[in-house]
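J.: What would the 3D arrangement of this be:
(one chain, ligands or ions: 1)
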Amino acid sequence: MIRYGIIGTGWITETFIAGAMEVAGMELSAVYSRSAEKGCSFAQPFKGAAHGNTIKIYTDLQQMAQQEEIDAVYIASPNKLHYEQSKLFLMNGKHVICEKPITIHTEQLQELQELAAEKGLVYMEAIMMLHQPQLAALKEAVSQLGRIRTAHIDFSQLSSKYPAYLAGKNPNIFNPEFCTGALMDLGIYCIYLVLELFGKPKDIVAHGQFLESGADCSGDLLFIYEDCHVSISYSKVGQNYLGSQIIGDQGTLTIDSISQLTGMNLHRPDGSIHPVWGDEEKNTLMGAEARSFYQWIQNPQQHQEAYTYCSRQATEVCRLLEALRKQIGIEFKEA
Ligand SMILES: NC(=O)c1ccc[n+]([C@@H]2O[C@H](COP(=O)([O-])OP(=O)(O)OC[C@H]3O[C@@H](n4cnc5c(N)ncnc54)[C@H](OP(=O)(O)O)[C@@H]3O)[C@@H](O)[C@H]2O)c1
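T.: Numbers count the residues shown, from 1 in each chain. Next comes the predicted model:
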């Protein structure tokens with residue numbers, strides 16, 4: 001049994017918990033919130049017979065980290081806090097699954113990866129696509145496209161927080177003090193996908209758009225390879241309805257959601273369309289990463305290769321994000 005706590009009481013944590021409930025052997029045991037009242041109401045639906053567990057509420061993170069009754073933690077706080085919160089729990093012997101971006105700086109990530117290794121703990125970034133069976137289906141479909149010279153990867157999703165920003169409020173996602181913005185929130189998925197499919201580019205051209213707050217709100221990247229160009233667009237201030245396309249001389253693969261790898265179809269030159277993967281509940285999608293977390297904790301030897309691979313990809317993505325921030329001119333007001 002893995003008894004885990006959560007940090008962050010947003011919808012993404014509810015979705016992770018729902019996903020983790022699909023994994024026999026994972027039990028929600030602790031909730032951290034800055035407000036006891038909020039923590040209690042967040043925990044309420046997860047208590048009781050269906051889950052058979054008691055959930056402790058904490059407003060003191062140190063206290064929660066030191067508790068014997070949890071083995072692990074899921075972190076979904078604002079980006080800026082990921083490093084220090086992950087470190088606190090690793091220092092206290094807890095396994096950590098942390099939302100993307102796992103840290104802001106590569107040296108922070110490497111420090112915590114070393115700390116986790118020393119203590120025999122799992123430390124992983126919560127990136128759905130790496131844990132889903134459809135990644136293999138996608139790669140298989142891409143292998144049927146013939147010679148690929150161009151791909152357009154787009155993750156433009158109008159933020160539900162944008163009206164609040166326009167109304168003069170200061171939501172975390174558009175506040176550089178929290179190390180947020182479009183690249184760190186959505187661009188990261190595009191980069192993960194492109195690294196999976198095409199590997200490291202030999203060159204990158206990158207530009208971004210900024211809000212008055214200083215946060216980047218959209219960006220366009222060109223990943224240049226020897227024989228192929230991949231254009232990446234992402235935005236939090238506008239919506240894409242056409243999805244992404246990987247274009248080869250034997251076919252084109254269309255993808256509705258690149259973060260979830262859903263709605264994927266292979267279009268042949270003869271006009272035929274072959275479904276690669278349909279739609280799935282987000283709970284199930286997050287259940288896959290929860291299952292990896294559980295398996296990596298329970299059977300580290302057996303899953304060493306997958307764990308090492310995902311850790312390396314996380315490091316590569318973190319390094320690329322740093323380089324891109326520099327190129328685009330994204331600056332965070334880190335305290
Ligand atoms: N994988 C995915 O699909 C996905 C989707 C969405 C978000 N995410 C990631 O999840 C993380 C959280 O995103 P979010 O949009 O939920 O963030 P958020 O709303 O800014 O904050 C998340 C939680 O952190 C706490 N918090 C808020 N402001 C804080 C502050 N100033 N100081 C300390 N704690 C604060 C709040 O919990 P309390 O008030 O209870 O303390 C809140 O519920 C981000 O890293 C994001 O990238 C991932």
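J.: CA atoms for contacts and neighbours, from now on please.
T.: Will do.
J.: distance of the closest residue to residue 204 other than its chain neighbours from the ligand?
T.: Closest residue to residue 204 apart from its sequence neighbours, by Cα to Cα, 6 or more residues apart in numbering: residue 223 at 4.8 Å. Per Cα to the nearest ligand atom, to the nearest Å, residue 223 is found 23 Å from the ligand.
J.: which helices and strands sit right next to the helix or strand residue 82 falls within?
T.: According to DSSP states H and E, residue 82 maps onto helix 82-91. For helix 82-91, the elements it packs on are helix 61-66, strand 72-75, strand 95-99, helix 106-119, judged by 3 or more Cα pairs under 8 Å, 6 or more residues apart in numbering; DSSP states H and E.
J.: so which of these is the most packed in?
T.: Of all the helices and strands packed on helix 82-91, strand 72-75 carries the top mean neighbour count, a mean of 27, counting by mean count of other Cα atoms under 10 Å.
J.: helices or strands up against that one?
T.: strand 2-7, helix 82-91, strand 95-99.
J.: can you do 7 Å?
T.: strand 2-7, strand 95-99 (3 or more Cα pairs under 7 Å, 6 or more residues apart in numbering; DSSP states H and E).
J.: and it, does that touch the ligand?
T.: No. Taking Cα under 6 Å from any ligand atom as the criterion, strand 72-75 and the ligand are apart, separated by no less than 7.4 Å.
J.: same check, this time on stretch 180-195
T.: Yes. Stretch 180-195 comes into contact with the ligand (Cα under 6 Å from any ligand atom), by way of residue 185.
J.: Can you point out the buried residues in that stretch?
T.: Across stretch 180-195, burial judged by 16 or more other Cα atoms under 10 Å covers 180-195.
J.: So for that stretch, first residue to last residue, what's the gap.
T.: End-to-end distance for stretch 180-195, by Cα to Cα, to the nearest Å: 22 Å.
J.: how about the helices in this structure?
T.: Assigned by DSSP state H, the chain shows helices spanning 11-20, 36-43, 61-66, 82-91, 106-119, 133-142, 162-166, 182, 188-198, 282-298, 304-328.
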